[in-house]
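Q: How does the following fold in three dimensions:
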Amino acid sequence: MTETTTASDGQTRTARKRQAILDVASTLFLRDGYLATSMDQIAAAAAVSKQTVYKQFTDKQSLFREIVTGTVELVSDPVARQVASLPDSSDLEADLQKLARALVSQVSQPRVMQLRRLVIGEAGRFPELGRLFYQRGPGRTIDALAAAFESLAARNQLRLDDPQLAAEHFNWLVTSIPLNRMMLCGDTERPDPAALDRYADAGAQAFLASYRPN
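A: Reported below is the predicted structural model:
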């Protein structure tokens, strides 16, 4: 009996190949850097032809762009959902603490830190990648926080004049200490979960000390 290949089977195989290319390219980019990684290497490691790689991604830059977008959104999506529920909080201190811990945990993941370093290293050649990383990652979180804080201020839960600035303050009070340490000292410097929680809690408390109504 002759096997029949359905359109669905073809789409599934195409999706698997695309994901294999993304996985392999991500590993190579993070290990060897953007310039040192070629489309030939990516095709060989993914066990596909170079034509298949170019069929899925027009060039190396578009492939790298999709890796940046996918990785950052994977991290920022859970935080964005948590921020969206913040305006309805009945215990703002507890909910800000939970949000701070989630934010620190997400941004300190080793793969995210490696990608951040790589994007910064390529920002001079490809500034649009840096903007993309910011817009889909911290920029998205800060915009969502600004909207949530504005709603909380309307309920007299926060006291603020500039929601966007308040959002920037919260984001960096919570993440700056572990983020700077890991960015400069490498993945071996990732604090343990208890230390990350301590940084998150202290950042949230510092924020509330400035923005909680008297």
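Q: where does the protein dip in pLDDT?
A: In the predicted model of the chain, residues 1-11, 187-189 satisfy pLDDT under 70.
Q: which stretches of it form helices?
A: With DSSP state H as the criterion, the chain has helices at 7-32, 39-46, 50-56, 60-84, 92-107, 110-122, 127-136, 138-154, 163-185, 193-211.
Q: Tabulate those helices (CSV), appending mean neighbour count.
A: The C-beta positions use only the backbone N, C-alpha and C, and glycine is treated the same way. As requested, the helices of the chain are arranged in CSV below (neighbours: other Cβ atoms under 10 Å):
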stretch, mean neighbour count
helix 7-32, 15
helix 39-46, 17
helix 50-56, 16
helix 60-84, 18
helix 92-107, 19
helix 110-122, 18
helix 127-136, 16
helix 138-154, 19
helix 163-185, 18
helix 193-211, 17
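Q: Break the chain into its domains for me.
A: Per automatic domain parsing, the domain ranges recorded for the chain read 1-57, 60-211.
Q: May I have the distance across the longest one, first residue to last?
A: Meaning domain 60-211. End-to-end span of domain 60-211 (Cα to Cα, to the nearest Å): 45 Å.
Q: what's the residue nearest to the spatial centre of the chain in contact with, if anything?
A: Closest to where the C-alpha atoms of the chain average out (Cα atoms, centre = their mean) is V72, at 2.9 Å. If you count contacts by Cβ atoms under 8 Å, 6 or more residues apart in numbering, V72 has them with 112, 115, 132-133, 136-137.
Q: Farthest-apart pair in those, please.
A: When those are compared pair by pair using Cβ to Cβ, the farthest-apart members prove to be V112 and L132, with a separation of 14.3 Å.
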